[in-house]
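Q: have a look; sequence and predicted model below, questions after that.
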Amino acid sequence: MVYETLPHEEEQRILWLLMKDRAECHRDQYVYTRDILSYHQVYPIPNEDARRVITDSTTYNELPCEERNEGKKGAILEDQHRFLQKLPPSVSILCEAMNHEPCLREACPLYRAPGSLVGITTGICVEFKMTFSKQ
C-alpha cells in the first residue's frame with residue numbers, strides 16, 4: 001500500500017523497529033549495505049517486516065510504504081551495486097533480516113537477480129538487507 005505520507009501510527013511503528021534494528025547491528029562482525037541509505041536520508045523496511053515477506057507471511061506490495069522514500073531507494077540502487085562490485089567474488093552474501101543467515105538470492109522476494117533491470121550485474125536486495133561477514 002503506497003502512501004504519499006505514512007499514517008502517523010505506521011510511521012511511529014516503523015521508526016521504533018528501525019531503531020531496534022540499528023541497536024542490534026554488529027558492525028564489528030558485519031558490513032551492512034543498509035548503511036548506504038543513511039547518506040541519503042532513506043530508510044529500509046524494518047527487519048521484522050522483511051522477515052514477514054521472506055517467509056511468505058505477507059507480500060512486499062502489502063507493506064505500507066511512502067512514495068518519496070521508495071523513489072529515493074530506487075534512485076540509489078546503483079550505489080548498492082557499486083558497493084557490491086568492490087567486494088571479493090568469494091565473499092558470502094548474508095541477510096540482515098534473517099539474522100545473517102545466507103542470502104536466499106532468487107528464492108527471496110526482495111532480491112533482484114544479476115542481469116535483471118534492477119539487479120544489474122551483481123544482484124541486489126531492494127531493501128538493502130545484504131550483510132557480509134568481516135571474518
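A: Perfect, I can see it now.
Q: quick one: low-confidence parts of the chain?
A: Within the chain, the stretches with pLDDT under 70 are 119.
Q: which residues of it fall in helices?
A: Ranges of helices within the chain are 8-23, 35-38, 47-54, 67-75, 77-85, based on DSSP state H.
Q: got the ones you listed as CSV, with mean neighbour count and distance to residue 125 columns?
A: Every C-beta, even on glycine, is put in place using the N, C-alpha and C of the backbone. CSV is the format used below for those (neighbours: other Cβ atoms under 10 Å; distance: least, Cβ to Cβ, whole Å):
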stretch, mean neighbour count, distance to residue 125
helix 8-23, 13, 14
helix 35-38, 16, 11
helix 47-54, 20, 9
helix 67-75, 14, 11
helix 77-85, 16, 8
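Q: looking at those, spot the one closest to residue 95.
A: For residue 95, the closest of the helices of the chain is helix 47-54, at 7.5 Å, according to Cβ to Cβ.
Q: C-alpha coordinates for the closest one, PDB please?
A: Extracted C-alpha coordinates of helix 47-54, given in PDB (Å, rounded to 0.1, in the frame of the first residue of the first chain):
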ATOM      1  CA  ASN A  47      13.900  -6.400   9.600                       C
ATOM      2  CA  GLU A  48      10.600  -7.700  11.200                       C
ATOM      3  CA  ASP A  49       8.700  -6.700   8.000                       C
ATOM      4  CA  ALA A  50      11.400  -8.100   5.700                       C
ATOM      5  CA  ARG A  51      11.200 -11.400   7.600                       C
ATOM      6  CA  ARG A  52       7.400 -11.500   7.100                       C
ATOM      7  CA  VAL A  53       8.000 -11.000   3.300                       C
ATOM      8  CA  ILE A  54      10.800 -13.600   3.100                       C
END
